[in-house]
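Novice: next come a sequence and a model predicted from it.
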Amino acid sequence: MRLSHKLSLLAVLALLALGAVPATAKIYGITPAAVAAGPTGANKVVNLTAAVGNIATGDGFSYSIWGFAETTPTGGVPIGQYPGPTLLLNQGDTVIVNVTNNLTEPVSFIVPGFKVTAYSYPIPATGPVTPIPFAVPHGDLTMIDALEPEVYTGQTVSYQFTATKPGTYYYQSGSDLSLEQRLGLFGAIVVYPSPGSVPPRIISSNLNAPATNPPYAGTAYTMSTPTDETTAYDREYLFLFSDMDPLFMNFMAQPPGMGSPTFDLTTWKQNYFFINGRNLPDTLGDPNPARSASLPLPNQPYNAAPVMHPGEKILLRMINMGNEFHPFHHHGNHATLIAENGNPLKSVPDTFNGTTTIPGSEVDLSEQHFTEGIAPGETVDLIFTWTGEKLGWDPYGGPAQGHTALQPFESIADHLKQPPSKNFEVAGKIVLAAPATTVPAPYTNPAALPTVMLDPVNQVINGEFWSGSPFLGDTPPANRLMWNKMVMSPLLNPNGTLKPMSSYFMWHSHAERELTNYNTFPGGLATMMEVRPWSLPINPATDR
Amino acid sequence: MTRKKLARAVVFVVLLAAAATAQGIQYPFDIDNEPYGWSTGGAKGPEDIDWNGNGVYNGPPTPGPTTPRYVYKRFAASDGFTKMADGADVFIFGYMDITGKPYVSTAPAGSPPNDVVSSAYGKAEFPGPTIDLNEGDYFYLNLINAGMRLRPDLPDAHTIHWHGFPNASTIYDGEPMASIGVNMPMISAVNPNFPPKYTDLQPDLTYFYVAADPGTYLYHCHVEATEHMEMGMLAHLVVRPKQNGTPISYNGKTYSNFAYNDCPVAGDPMCGSTGYDVEKTIMIADFDSAFHESDQLKYPISTIPQPPFASFHANYFLLNGRGYPDTVDPAPIMNSASFYSSNSSLVASTSDGVDYAAQKLDSLITINRAAGQRTALIRLTDLSIQEWTSIEIPGLPVRVVAKDGRLLRSPQGKDVSYAANTIQVPPGGTVDLIVDAGSVPAGTYYLFSRNLDHLNNDQQDRGGQMTQIVVQ
């Protein structure tokens, strides 16, 4: 097994040497189709329907939601999706979103950050067209309940906007927000900066540079200079937060004329907490329903299962569509907050003689956080990385773990480092260099670990995501198998054999009540981030 | 069966199936503690440690330029009681510091035992003991699960999560799904179903961290995090910068204590800007007493309901575990541990139930200008279970110098700290504030939560998350 590790690592390094790009984006969503520019200038089009759908919560219950879904091309009945389809756009795209309403009350379409214009559907191929004038619905100021011209039941309206700047945004119904946002009429929008080169990666001298410096996958925002690395990333992940009151959802699902006639929204209390429309443990499920025999969540197609190699930079695009602050705590390391609401945290650049902009003169206003406080309706972007440096010991193990060579991005200072702590009791004295016989099974050699591992059954509780070894890339002990089969196991290959160990870190809301699914712990707004050793490739096409 | 119940059942089976074997020391160094399995008696001390393997037992190395300071602590986790400002007794889970306590009782027959388990059992504190380190320290923390006096039926493990420490390792992260936790002991005094005391398992785990980065952090138990954190397993974790001890002048005053290394280059205008004269670490938290009562009375195991997460509604709003006016009492708050007695029929032990200081940390800040003091560092942390907290400090100049253990300084070195009267802290976040009392009238100022419903102790108003900053 250890031999194969080494071979895998060599294979990866060989790929790097050949110039292959191992990292790719991993945000699931739909890319609007390109169209010839019509009279409104739009060059992309996407068709959405607002419809009722059913979702499953992490405790196994089912709730009826209102959500956007891609309009079925064949004319079938669309089912509401939670959240709606993520729209993947390029900076400068002018997009027509044809919104059809299959719900019982009017909906509309707004994108905070961009100006949306409504046209009658369909927009003709030629000729002058004029936007639908926005009149106060019902002609009564006291009854204002929409922010844009609305789509009435059974009809379609064409909404158009231009993604003028890159960043993380969202769309939502602009009608009856108090009700429709609680029911799920929202979705994410990702706008990529105009295509260009990526900056060169600067590797700290504290870390072992890989044989070939892998190029970044992209930047979240436009670079200030050709070497501006502040928003560069290897992988990107979406975290759209939302929350739900089951009593309200039950009320809304009542057949007409049955049950309570009213619901007092002042008593609304969220008891389900979602990332990308799923609660833990479903956040870790497969995003592809076709592949997901064990977890069919057809109306919740997006998971939240970030995975990275040590040293990679991952871009976290976070959106809070909930009704409360959802402070998000990412175990493992700080992250750098680089943007809020689609705006990079940089000052205006200085100018020369008051006219010529000086490139790179912006003040970087990013902050490093270990908990992201995100207000309702806010989006933030963060860059996260993990290398395990500064631990004072080698988290990759030592020779006993088949690891003597430095791994990509490994901390050089801690490589093979053994703090003066491998002490064992011999005849009432503490000595260094313990006899191997004092190491309890299944551990083979704790040499790189500053404390002695005890019997893993009698004294410590093993977690579901704990392989049994403290070392990244170490092969889990064989006796982990039985435990892992009791629960969902990301540690198992499809054939039941154990994968070499990744390190997992819980990423979760630190409003700790949100770690529950309606009274059941654990659950809610949480997932596990996987740091996967370089010896195991990450393939977004086949990974969960 | 719910997932939680399943997990508990599994744990219980594992516990019952465990054989009392696997004896071996679990922490690397032992400062006058008697680890289980050491039956020879006699206190072990630093002299018992052979640091370089040369056969000479000469204690820990002397800290130097290339040799870090080694710090050892032993904490225990158990249950206990707190006393709220309105007099209510609230059941908690919590930590306590038992460093240096003898492992095996040496008390004469008939006297209360003085071993670590008795020192800890039923004596939880809130907040837990503060971990106070210097940058670069090598820190070993041994955690013993001492069992719960009122809830011997609970097979809950405990851990310590080093909240906010950068570049964590999974084994010491304390998050039980991706790591390991310390089992509940199988000690006869804790649960009569288990074999006799001292001869069986006393589970413990030694955490190791290098205090690599200065800052304001937290630690808490991550096992069944919603429940154990609400129940009080929360505490401060402070790492002091290497810059400490070097006098630096800022704004007309010379400091030798700093919150962060704020002087990367001599002559930088912000050198010394995190210097302070007095310091207070204040944790924002809240209790839902109904939740605590539910955990207190769940006994025996057959009647355990789900903890009431859905109906959670905090009614005690606390700074360092106390509501105002207890926040300004410099003395420890003595609890009513005798409250155990009222549930004596449920207590499967003979432990004393004597009142003890369960809430040791006040939040009173005093700036004595006559003694040369001018600035106060407030390390503000939030471990509320649900809500953000907005802290207001009217009348005093306040500068936010750091968030989440990071100095507010741009990557290019520009100062991005800012002045504020009101500071928002998310649950799980920390903020460092410098209050400059150099040019304000003497008097009593207030620090309080601007969340108005946080200004009460249950039914008692004029309480909750409020404390005083006294400028003399």
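Specialist: Nice, I can see it.

Novice: distance check, whatever residue of chain B ends up closest to chain A against A:Ser178.
Specialist: When distances are taken as CB to the nearest CB, chain B approaches chain A most closely through B:Gly428, which lies 2.8 Å from it. Glycine gets a C-beta too; all of them are placed from N, C-alpha and C. Between B:Gly428 and A:Ser178 the computed distance is 28 Å (CB to CB, to the nearest Å).

Novice: for B:Thr327, helix, strand, or coil?
Specialist: Per DSSP: H, G, I helix; E, B strand; the rest coil, the secondary structure class of B:Thr327 is helix.

Novice: hang on, the earlier thing: B:Gly428 and A:Ser178 - which one has more neighbours?
Specialist: Taking other CB atoms under 10 Å in any protein chain shown, B:Gly428 and A:Ser178 do not tie; B:Gly428 has more neighbours (28 against 10).

Novice: list the contacts of that one.
Specialist: Residues in contact with B:Gly428, defined by CB atoms under 8 Å, 6 or more residues apart in numbering or on different chains, are A:Pro327, A:His329, A:Phe370, A:Thr371, A:His510, A:Ala511, B:His163, B:Leu218, B:Asp382, B:Leu383.

Novice: quick check: which helices or strands does the strand ranked longest in chain B pack against?
Specialist: The strand spanning the most residues in chain B, taking DSSP state E as the definition, is strand B:70-83. For strand B:70-83, the packing partners by 3 or more CB pairs under 8 Å, 6 or more residues apart in numbering or on different chains; DSSP states H and E come out as strand B:89-97, helix B:116-120, strand B:138-145, strand B:333-334, strand B:357-359.

Novice: swap in 7 Å and give it another go.
Specialist: strand B:89-97, helix B:116-120, strand B:138-145, strand B:357-359 (3 or more CB pairs under 7 Å, 6 or more residues apart in numbering or on different chains; DSSP states H and E).

Novice: among the ones you listed, show the one with the smallest mean pLDDT.
Specialist: With a mean of 70, helix B:116-120 has the lowest mean pLDDT of the helices and strands packed on strand B:70-83.

Novice: mind listing what the next helix or strand after it pairs with, with the direction of each?
Specialist: Using DSSP states H and E, the helix or strand that follows helix B:116-120 in sequence is strand B:131-134. In the sheet, strand B:131-134 lines up against strand B:234-240 (parallel) (DSSP bridges).

Novice: show me how far the helix or strand following the strand it pairs with is from its chain's centre.
Specialist: Toward the C-terminus, strand B:234-240 is succeeded by strand B:248-250 as the next helix or strand (DSSP H and E). Centre-to-centre, strand B:248-250 and its host chain are 32 Å apart (CA atoms, centre = their mean, to the nearest Å).

Novice: hang on, the earlier thing: got the phi/psi numbers for the residue of chain B closest to chain A?
Specialist: For B:Gly428, the backbone dihedrals are phi 90, psi 0 (criterion: degrees, to the nearest 10).

Novice: try the one 5 residues further on
Specialist: Main-chain dihedrals, B:Leu433, degrees, to the nearest 10: phi -120, psi 140.

Novice: specify the beta-bridge partners of it.
Specialist: Counting by DSSP bridges, the residues bridging with B:Leu433 are B:Ile378, B:Val400.

Novice: from A:Lys346, how far out is B:Gly164?
Specialist: Applying CB to CB, the value for B:Gly164 to A:Lys346 is 25 Å.

Novice: neighbour count: the two, which is higher?
Specialist: Each of B:Gly164 and A:Lys346 has its neighbours counted (other CB under 10 Å); B:Gly164 has more, 27 against 20.

Novice: tell me, how many residues neighbour the nearest residue to B:Asp362 once chain neighbours are set aside?
Specialist: With sequence-adjacent residues excluded and distances taken as CB to CB, 6 or more residues apart in numbering or on different chains, B:Asp362 is closest to B:Pro330, at 5.2 Å. Counted with other CB under 10 Å, the burial measure for B:Pro330 works out to 7 neighbours.

Novice: now do the SS call for A:Leu247.
Specialist: Each residue gets one of three states, and A:Leu247 gets helix by three-state DSSP.

Novice: B:Arg379 reaches B:Thr281, doesn't it?
Specialist: Yes: B:Arg379 is in contact with B:Thr281 according to CB atoms under 7 Å; the separation is 4.2 Å.

Novice: find residues that contact each of the two.
Specialist: Taking CB atoms under 7 Å, 6 or more residues apart in numbering or on different chains as the contact rule, B:Arg379 and B:Thr281 both touch B:Val238.

Novice: got a list of what A:Ile65 touches?
Specialist: Shown in contact with A:Ile65 (CB under 7 Å, 6+ apart): A:Gly53, A:Ile55, A:Gly80, A:Tyr82, A:Leu183, A:Gly184.

Novice: around chain B, pick out the residues from the stretch 151-300 of chain A.
Specialist: Selection of the stretch 151-300 of chain A residues close to chain B by CB under 7 Å from any CB of the partner chain yields A:Asn271.

Novice: number of nearby residues for the residue in the stretch 151-300 of chain A positioned nearest to chain B?
Specialist: Across the stretch 151-300 of chain A, no residue is closer to chain B than A:Asn271, which sits at 4.8 Å (CB to the nearest CB). Here the count is done by other CB under 10 Å, and A:Asn271 has 22 residues near it.

Novice: excluding chain neighbours, what is closest to the residue of chain B closest to chain A?
Specialist: Nearest residue to B:Gly428 in three dimensions, chain neighbours excluded: A:His510, at 2.8 Å (CB to CB, 6+ apart).

Novice: do you know the pLDDT at the residue nearest to B:Leu133 when sequence neighbours are not counted?
Specialist: Computed as CB to CB, 6+ apart, the closest residue to B:Leu133 that is not its neighbour in sequence is B:Ala211, at 4.2 Å. Taken from the predicted model, the pLDDT recorded for B:Ala211 is 95.

Novice: same check, this time on A:Thr437
Specialist: On the pLDDT scale, A:Thr437 is placed at 34.

Novice: and for A:Gly75?
Specialist: Per-residue pLDDT puts A:Gly75 at 69.

Novice: the closest residue to B:Asn315 other than its chain neighbours: how many residues sit nearby?
Specialist: Excluding the flanking residues, the one nearest B:Asn315 by CB to CB, 6+ apart is B:Asp458, at 4.6 Å. By the other CB under 10 Å criterion, the neighbourhood of B:Asp458 contains 20 residues.

Novice: B:Asp89 touches B:Ser338, doesn't it?
Specialist: No: with contacts counted by CB under 7 Å, B:Asp89 stays clear of B:Ser338, the gap being 9.4 Å.
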